[in-house]
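[1] give me a 3D structure for the following:
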Amino acid sequence: MCIYPSQIYNGDYLFYDTITDFFGNFKSADSFDLHFNNLDSVYLNISGFCGAKIFTAKANRYLKFNLDTLTGIGQLFCNNQDTITLSGSKKEISDTNFISIKYQVYTDTGIVYHLGTAIKK
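    Residues are numbered from 1 along each chain as shown. Modelled structure (predicted):
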């Protein structure tokens, strides 16, 4: 049986998000739903950050994924002025419930740092 890198993320998750400053000091916390859907063996779509907006990520055989980007500073976020860079990972192939996620939102006022865990529903 073959398991492709993007397949291990498929499903609906509840993401527990922590917002920090550059030094990792706690600013606030939130939680929201995320949906992961594999497109092929390495690409997957992620939705839930900005309503119906879909982000495309590329997974690798090391249980990690990154948002696919052409601009160098991520994909457009919830408006046309902000961008997002994002990475995620699983600890092992048998981990079917958790995804560690780290992302940054680049705004006109600075960078907002996020990290947290998504738990499969």
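
[2] what residues does the helix or strand of the chain with the lowest mean pLDDT touch?
    Sorting the helices and strands of the chain by mean pLDDT, DSSP states H and E puts strand 75-76 at the bottom, at a mean of 84. Here strand 75-76 makes contact (CB atoms under 8 Å, 6 or more residues apart in numbering) with 55, 56, 67, 68, 69, 82, 83, 84. (Glycine included, C-beta is placed from N, CA and C.)

[3] phi, psi of residue 8?
    phi -70, psi -10 (degrees, to the nearest 10).

[4] next SSE after the lengthiest strand in the chain?
    Counting by DSSP state E, the longest strand found in the chain is strand 26-38. Next helix or strand after strand 26-38 toward the C-terminus (DSSP states H and E): strand 43-47.

[5] for the helix or strand just after that following strand, packing partners?
    Downstream of strand 43-47, the next assigned helix or strand under DSSP H and E is strand 54-59. If contacts are counted by 3 or more CB pairs under 8 Å, 6 or more residues apart in numbering; DSSP states H and E, strand 54-59 sits against strand 43-47, strand 64-67, strand 83-89.

[6] mind checking which of those is nearest residue 121?
    Distance to residue 121, taken as CB to CB, is lowest for strand 43-47 among the helices and strands packed on strand 54-59, at 14.3 Å.

[7] can you list the residues that contact the closest one?
    6, 9-10, 34-39, 53-59, 65, 67-68, 86.

[8] tell me who's in contact with residue 5.
    By CB under 8 Å, 6+ apart, the residues touching residue 5 are 41, 42, 59, 60, 61, 63, 65.

[9] what's the closest of the helices and strands packed on strand 54-59 to residue 2?
    strand 43-47 (16.2 Å).

[10] sorry, back to before: just checking, which of the contacts of strand 75-76 comes out lowest on pLDDT?
    The lowest pLDDT within these belongs to residue 69, which sits at 71.
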